[in-house]
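K.L.:
Predicted model and sequence below, questions to follow.
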Amino acid sequence: MKLVTRIRSWFARVLGRDIWTIESCNETPDAPAARRVYLIGDADDPWAAAFLCPCDCGELVQLSLMRDDDPSWIACGATGDRASLHPSIWRIRGCRSHFFIKDGRIIWAKEARPDRNVPT
Ligand SMILES: [Zn+2]
């Protein structure tokens, strides 16, 4: 993650402007809002989650909430609630960000990419 993104994230957290909230909907919005986790499908039993990557790369992250899928994630809450997703999200393409969304906050994981642990 870029240093400027980390600094912006820190200021937003200090100012209390970075709370991620849930929005239930029937399908992924054409223009998703920042800091919004969309739970797609039935409000009581959504089948997918979608949100803009918190690193500001602009990519839409889409995750399965179907229990039989592998991988799949657990999300709970209703529109307006603080978002939580379990387990962590580690993008294997693009920005390769690794983070948690917990109680409306982004918690960045240590940037330990497997390719960086290979002795050179
Ligand atoms: Zn990203």
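P.N.:
Structure's in. What do you need? What you see is a predicted model; the values in this text were computed from it and never measured.

K.L.:
Going by C-alpha atoms from here, please, whenever you check contacts or count neighbours.
P.N.:
OK.

K.L.:
ok, residues contacting stretch 102-111?
P.N.:
18-21, 54, 82-85, 97-101 (C-alpha atoms under 8 Å, 6 or more residues apart in numbering).

K.L.:
Show me which pair in those residues is furthest apart.
P.N.:
For the contacts of stretch 102-111, the farthest-apart pair by C-alpha to C-alpha is R82 and S97; their separation is 20.9 Å.

K.L.:
which residue ranges form the strands in the protein?
P.N.:
21-25, 36-42, 45-52, 60-64, 74-75, 85-90, 98-102, 105-108 (DSSP state E).

K.L.:
Touching, C53 and L60? I think so.
P.N.:
Yes: using C-alpha atoms under 8 Å, C53 is in contact with L60, at 6.0 Å.

K.L.:
More neighbours: these two, which one.
P.N.:
Between C53 and L60, C53 has the larger neighbour count (other C-alpha atoms under 10 Å), namely 19 against 13.

K.L.:
Distance check, that one against I106.
P.N.:
In this view, C53 and I106 are 10 Å apart by C-alpha to C-alpha, to the nearest Å.

K.L.:
in the chain, which ranges drop under the pLDDT threshold?
P.N.:
Scanning the chain with the threshold set as pLDDT under 70 gives 1, 13, 15-17, 111-120.

K.L.:
at 90 instead, please
P.N.:
1-18, 43-44, 56, 76-78, 110-120 (pLDDT under 90).
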